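In: Generate a structure from the sequence data that follows.
(2 chains)
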Amino acid sequence: SQQGEEDPQALSIQEGENATMNCSYKTSINNLQWYRQNSGRGLVHLILIRSNEREKHSGRLRVTLDTSKKSSSLLITASRAADTASYFCATAGYSTLTFGKGTMLLVSP
Amino acid sequence: GAVVSQHPSWVICKSGTSVKIECRSLDFQATTMFWYRQFPKQSLMLMATSNEGSKATYEQGVEKDKFLINHASLTLSTLTVTSAHPEDSSFYICSAPDLLAGNTGELFFGEGSRLTVL
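Out: Residues are numbered from 1 along each chain as shown, chains lettered A, B, ... in the order given. Prediction:
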């Protein structure tokens, strides 16, 4: 069964606004990763947060992890039209990654 | 980061034919590669784990005789969809970890192959 479940399923914002996506999972993890997928393309790794970390930053991205609530959030600040894509969280257990259903983000100019 | 190349990027075939999709790691050795299938607006579903020099490990519900995987070298894994039917139409994506780069857990993905079976 799938581990991660993203929320919301779809998000529409204006350029310059912040976008927040949430991910909940069910079992223990080694790390949690966020990926981005442009329509019809492969996935691109954005950021990885380990189970003993609570927050991580990378450029305009900020990821939090709450292992007690089994949840993570991805914040994209000062969004741009080029950020339009689907965003997936993926949980890493023993050997494989399990992907959530993703959040489709639309950033309008 | 490491680069994974997938070919072809799209293919259209007739029902009953077989289609081969290649996944290559261009600048690193991939002893393990993962094959995923993605339906429109859906998540990625792991189909199988491809292991160099040994048999692939298939996920529950995935027919190994239908989806043949060969990982004959450290840089190439192939997925062959045999006797394809319209329900096999999907987006197939491969990925690989760069274990020699410190096994960060990050996966590097190919660009995907869109299969349409008529």
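In: where along chain B do the strands fall?
Out: Along chain B, counting by DSSP state E, strands occupy B:4-7, B:10-13, B:19-25, B:32-38, B:44-51, B:57-58, B:67-73, B:76-81, B:90-97, B:107-109, B:113-117.
In: Need the ones you listed in CSV (columns: distance to A:S71, mean neighbour count and mean pLDDT).
Out: C-beta coordinates here come from the backbone N, C-alpha and C atoms, glycine included. Output for these, formatted as CSV (distance: least, C-beta to C-beta, whole Å; neighbours: other C-beta atoms under 10 Å in any protein chain shown; pLDDT from 0 to 100):
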stretch, distance to A:S71, mean neighbour count, mean pLDDT
strand B:4-7, 30, 19, 95
strand B:10-13, 37, 14, 96
strand B:19-25, 33, 21, 96
strand B:32-38, 24, 23, 94
strand B:44-51, 20, 21, 93
strand B:57-58, 30, 17, 95
strand B:67-73, 34, 17, 93
strand B:76-81, 34, 22, 96
strand B:90-97, 25, 24, 94
strand B:107-109, 22, 23, 90
strand B:113-117, 33, 19, 96
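In: Would you format these as CSV with distance to A:Y35 included?
Out: Below are the strands of chain B laid out as CSV (distance: least, C-beta to C-beta, whole Å):
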stretch, distance to A:Y35
strand B:4-7, 13
strand B:10-13, 21
strand B:19-25, 17
strand B:32-38, 11
strand B:44-51, 9
strand B:57-58, 22
strand B:67-73, 23
strand B:76-81, 20
strand B:90-97, 10
strand B:107-109, 8
strand B:113-117, 18
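In: Output the below-cut-off pLDDT ranges for chain A.
Out: Residue ranges of chain A with pLDDT under 70: A:1-4, A:94-95.
In: ok, and for stretch A:30-48, which residues are buried?
Out: A:31-37, A:41-43, A:45-48 (16 or more other C-beta atoms under 10 Å in any protein chain shown).
In: For stretch B:82-99, measure first residue to last.
Out: The straight-line separation of the ends of stretch B:82-99 (C-alpha to C-alpha, to the nearest Å) is 31 Å.
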